[in-house]
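Engineer: Generate coordinates for the sequence data below:
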Amino acid sequence: MNVSLTMETEEDLLTCLQIKFYHPQQNCKGFYGRLPLGTRRRHAADDPLRLGRDDQTCAYILLDPRVSRKQLALYAYHIPQSSEMLFTIQNLSQRGKLSVNSSALGYLEKMDLPDKALIRFGEYEILIIRESGEAKANFEVEFEVLAVPPSRETSLCKEQTSMSLYSSFGPQESDETLPCDS
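Structural biologist: Numbering: from 1, shown residues only. Next comes the predicted model:
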């Protein structure tokens, strides 16, 4: 009985990554059809959270041929003598850069993920917010779609025009151009 109480307490204290997506064509494309939108999912802390279009290697899939097979990974870690779970982000795309709060990451480059981060690649903007918890073995992930670009709502990035950003971090593996049909 004590074990179940401990497990319930640990579940209540899981760190949660809120991952909020925006893409200018999201209303007419099914990019997020394979993401568990609106529900919290438990993820093992020792297993990198991979995002891309390859369902064999990625835990979470974007249905967009312009997204790399393996786009990015989030790795959980702890600082010695701390119960706080922190994360690093790594760019897994060989063909494109990824930016984290305006800092560019090349292929296999990694950096600490701030508590609130604006991630950009191609035309995607992803706002990641970390809610602290104390559990060591697992964390939760919650996916959401935003109606407006998070860069308009946050002051996380230096002022840049969308056009200059998209030309710098353009589509990674563009098999074809997919216009939005209204």
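Engineer: what's across from residue 118 in the sheet?
Structural biologist: Residue 118 has these beta-bridge partners by DSSP bridges: residue 127.
Engineer: now swap in residue 73 and tell me
Structural biologist: Residues in beta-bridge contact with residue 73 (DSSP bridges): residue 50, residue 90.
Engineer: Can you give me the distance of it to residue 88?
Structural biologist: Distance, residue 73 to residue 88, using C-beta to C-beta, to the nearest Å: 9 Å. (Glycine included, C-beta is placed from N, CA and C.)
Engineer: ok, these two, which is more surrounded?
Structural biologist: Using other C-beta atoms under 10 Å, the more surrounded residue of residue 73 and residue 88 is residue 73, with 21 against 14.
Engineer: contacting residues around that one?
Structural biologist: By C-beta atoms under 8 Å, 6 or more residues apart in numbering, the residues touching residue 73 are 48-51, 89-90, 92.
Engineer: Need the per-residue pLDDT for it.
Structural biologist: Here, the pLDDT recorded for residue 73 equals 98.
Engineer: And for the one 3 residues further on?
Structural biologist: Listed pLDDT for residue 76 reads 97.
Engineer: Of the contacts of residue 73, which is the most crowded?
Structural biologist: residue 51 (25 neighbours).
Engineer: what sits against that residue?
Structural biologist: When contacts are counted by C-beta under 8 Å, 6+ apart, residue 51 touches 58-62, 71-74.
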